[in-house]
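>>> Here's my sequence, what's the structure:
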Amino acid sequence: MQDNLKRREDIRNIAIIAHVDHGKTTLVDAMLHQSGIFRANEQVMERVMDSLDLERERGITILAKNTAIEYRGVKINIVDTPGHADFGGEVERTLSMVDGVMLLVDASEGPLPQTRFVLKKALEAGLPPIVCINKIDRPDARVTTVLDEIYGLFIDLDATEEQLEFPVVYTNARAGIATLDLSEPSDNVQPLFELILQTLPGPLVDPAAPTQFQANNLEYDDYVGRLAIGRVRNGTLKPGFYVLCRLDGREQPVKITQIYGWHGLKRIEMESVTAGDIVAVAGIEDIGIGETIADRDHPQPLPALRVDEPTIAMVFSANNSPWAGREGEFVTSRKLRERLFSEQRKNVSLRVEDTEQPDALKVTGRGEFQLAIVIETMRREGYEVQVSKPTVVTREINGTLHEPVELLAIDVPTDFIGVVSQLLAVRRGKMTKMIHSGSSRVRLEFSVPSRGLIGFRSRFLTDTRGTGIMNALFNGWAPWHGPIQARTNGAMVADREGAAPPYAIFHLQERGILFIAPGTKVYEGMIVGEYSRDNDLNVNICREKKLTNIRAAGRDENILITPHREMGLENGIEWIGDDELIEVTPQSVRLRKKVLKQTDRPRRKQLEAD
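Numbers count the residues shown, from 1 in each chain. This is a model prediction of the structure:
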């Protein structure tokens, strides 16, 4: 069979990989605009590949997306991948579709933890890389040093000699320019297109082999239903009857109704595609990621996609607060179960399991940020849900309890080295590296248990006065590190239902930090603030000022209210304790106690003793 393999020269399949915010999506923008895909008068928004509302709001890529451009008669299929470590599952399955990668690195920040992660996956898959040093216009760009750091990273990751001889291109994605030599100015990205054609190979295919297509991604279209996106591995694919090879070994007859390729961002219907093409197929409603569409006469499944195991778990349950069902459309545990299991089918790095409680499900993912995105997406779709504090997944290795460990890279001004080291020492973190880049900032690397990073980000940003940058990456398993100090402050908990007037808030703000604004409605058991001591405090936040018949001019107090701390979903996930939950509805995010009634609730110190 190896003798029949031929390389297609009319196609290039490439993935753009990088750390979060290094400019992948902006570079794809420039490539799309300069390839002539858009009409001269066509209105195109910035970061056109970030199509989800959440992606546009946060300025990050969450889902891998496909596009295709034509350059000198060659079709270049480009996959834009997420850069955040929590969405690593998207990157891993994308790399199985392509024949080469373009590694993007910021000219100032250099390689960061996620750069290491995505590059390691690409090198393990044997993919040839192009290195692209982006943002060369930055005033603090250090191109030569960053290139040395990239070489060091390749060597550290055991790259082969062929992979070490990578070509380098220098770009300013925002301005849409690329050059192979910094001394030669450029006004377009044509040198990048030429480099892709010359150095990255076309797909290696066997045209005589029976048809095989593996689903790497799923989408939904209102007109044709579920779309499975993937690469045709062998043979020819056209609408008709095939066999779907399930992950559990079953074979099921299926019919493909339509096949789509890409031209820019538009999907175009195709009559037939051959091995090497990246396409979307319609007609199979219950296909899952990693399953193979194979020839009816010779059904042969492709190896299943392997992704790293998830490490952080949260319990999702139906909302049972006194106000359940007031703001959401989907409030039952049955709807919640359906939604979470459909999410698991689209997202291979998530696991959903039943718990002892019939209305609760345990959801395990790569990190608290990934789970927060799932919750945020659900609330925008009209779901009401309540979620627990994140916990780490443990496993037993050789009879010893092990827990996940993160590689944490921190970039801070030198003045904050002591503050950060102290913060991480109490969370069982060990410093493994310190790099002075020559400026007033320093790069620190720590090995920290994953549970030590739950709730760390907000404290870190406060203590470094917003100047610190942190990035974490799963770095294997290690023996249990022992107890880690949790949140030291208690909660202020409402003891009755009602609205919070300014008078009550004014008198309570000296007790701690409040989370709600005047006029907010509360119920018994809802958390309204952080108490300044280590125990919980039940408060009457609905107390009105008693009015008398006699009003004296000088008797009224001047009520000055300190701005409250806004507790959004991610802040809430970091803040809550073991006996607390977050209630999430389409309109609100509320913190609450698991046991709402004050008389039934155990004291916080008693809980810790247990």
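
>>> Hmm, V79 and V91 touching each other?
No: between V91 and V79 there is no contact, the gap being 9.5 Å when judged by CB atoms under 8 Å. In this view, the C-beta of every residue, glycine as well, is placed from N, C-alpha and C.

>>> where along the stretch 1-150 of the chain do the strands fall?
Under the criterion DSSP state E, counting those that start in this stretch, the stretch 1-150 of the chain carries strands at the ranges 6-7, 11-18, 65-71, 74-80, 100-106, 129-134.

>>> Can you tell me how far the nearest residue to D536 once chain neighbours are set aside is from L596?
Take D536 and drop its neighbours on the chain: the residue closest to it by CB to CB, 6 or more residues apart in numbering is G490, 4.3 Å away. Distance, G490 to L596, by CB to CB, to the nearest Å: 17 Å.

>>> likewise V584?
Relative to L596, and taking CB to CB, V584 is found at 17 Å.

>>> These two - which one has more neighbours?
V584 (25 against 18; other CB atoms under 10 Å).

>>> Contact partners for A228?
By CB atoms under 8 Å, 6 or more residues apart in numbering, A228 lies in contact with A215, N217, L218, A280, V281, I284, I287, I293.

>>> Which strand residues bridge it?
L218, V281 (DSSP bridges).

>>> tell me the pLDDT at it?
As predicted, A228 sits at a pLDDT of 85.

>>> per-residue pLDDT, the closest residue in space to L371 that isn't next to it in sequence?
Leaving aside its chain neighbours, L371 sits nearest to G365 (4.8 Å; criterion: CB to CB, 6+ apart). pLDDT for G365: 85.

>>> burial count for the spatially closest residue to A491 that is not a sequence neighbour?
Distances taken as CB to CB, 6+ apart place I527 nearest to A491, at 4.7 Å, with adjacent residues excluded. Residues lying near I527 (other CB under 10 Å) number 27.

>>> could you say which helix or strand contains I527?
strand 527-531 (DSSP states H and E).

>>> what's that strand in contact with?
Residues outside strand 527-531 that contact it (CB under 8 Å, 6+ apart) are 489-494, 500, 508, 511-516, 522, 537, 539, 541, 564-565, 575, 580, 590-593.

>>> What residues sit buried inside the helix or strand hosting Q370?
Taking DSSP H and E as the criterion, Q370 maps to helix 368-380. Buried residues in helix 368-380, counted by 16 or more other CB atoms under 10 Å: E368, F369, Q370, L371, A372, I373, V374, I375, E376, T377, M378, R379.

>>> so which of the strands of the stretch 1-150 of the chain comes closest to N475?
Across these, N475 has its closest neighbour in strand 11-18 (18.6 Å, CB to CB).

>>> Partner strands of the closest one and their direction?
Strand 11-18 has these strand partners (DSSP bridges): strand 74-80 (parallel), strand 100-106 (parallel).

>>> one step back: quick one: the helix or strand following the strand holding I527 to chain centroid distance?
Proceeding N to C from strand 527-531, the next assigned helix or strand is strand 537-539, under DSSP H and E. Centre-to-centre, strand 537-539 and its host chain are 37 Å apart (CA atoms, centre = their mean, to the nearest Å).

>>> Pairing partners for strand 537-539, with directions?
Checking strand 537-539 against DSSP bridges gives partners strand 491-494 (parallel).

>>> low-confidence ranges in the protein?
Scanning the chain for pLDDT under 70 picks out 1-3, 20, 35-65, 82-90, 113, 306-308, 348, 437-439, 548-558, 603-610.

>>> in it, which spans are helices?
24-34, 53-58, 88-95, 113-124, 143-156, 161-164, 190-199, 333-346, 368-380, 417-425, 456-463, 502-508, 569-575, 604-609 (DSSP state H).

>>> how close does the residue nearest to A491 sit to D295?
59 Å.

>>> got it, and P310?
34 Å.

>>> Of these two, which one has the most company?
Legend: neighbour count by other CB under 10 Å for P310 and D295, higher for P310 (22 against 17).

>>> shouldn't the more buried one be in contact with E368?
No: P310 is beyond contact range of E368, at 11.4 Å (criterion: CB under 8 Å).

>>> Can you get me a residue count around N489?
So N489, with other CB under 10 Å, has 17 neighbours.

>>> er, V595 actually
13.

>>> Kindly report the same for S333.
Applying other CB under 10 Å, we find 18 residues neighbouring S333.

>>> what do you get for R296?
Going by other CB under 10 Å, the residues that sit close to R296 add up to 14.

>>> How about the contacts made by the closest residue to it other than its chain neighbours?
Once flanking residues are discounted, R296 sits nearest to V243: 5.5 Å by CB to CB, 6+ apart. By CB under 8 Å, 6+ apart, the residues touching V243 are E251, Q252, P253, V254, I293, A294, D295, R296, P299.

>>> Report the buried members of these.
Going by neighbour count (16+ other CB under 10 Å), the contacts of V243 have V254, I293, A294, D295, P299 buried.
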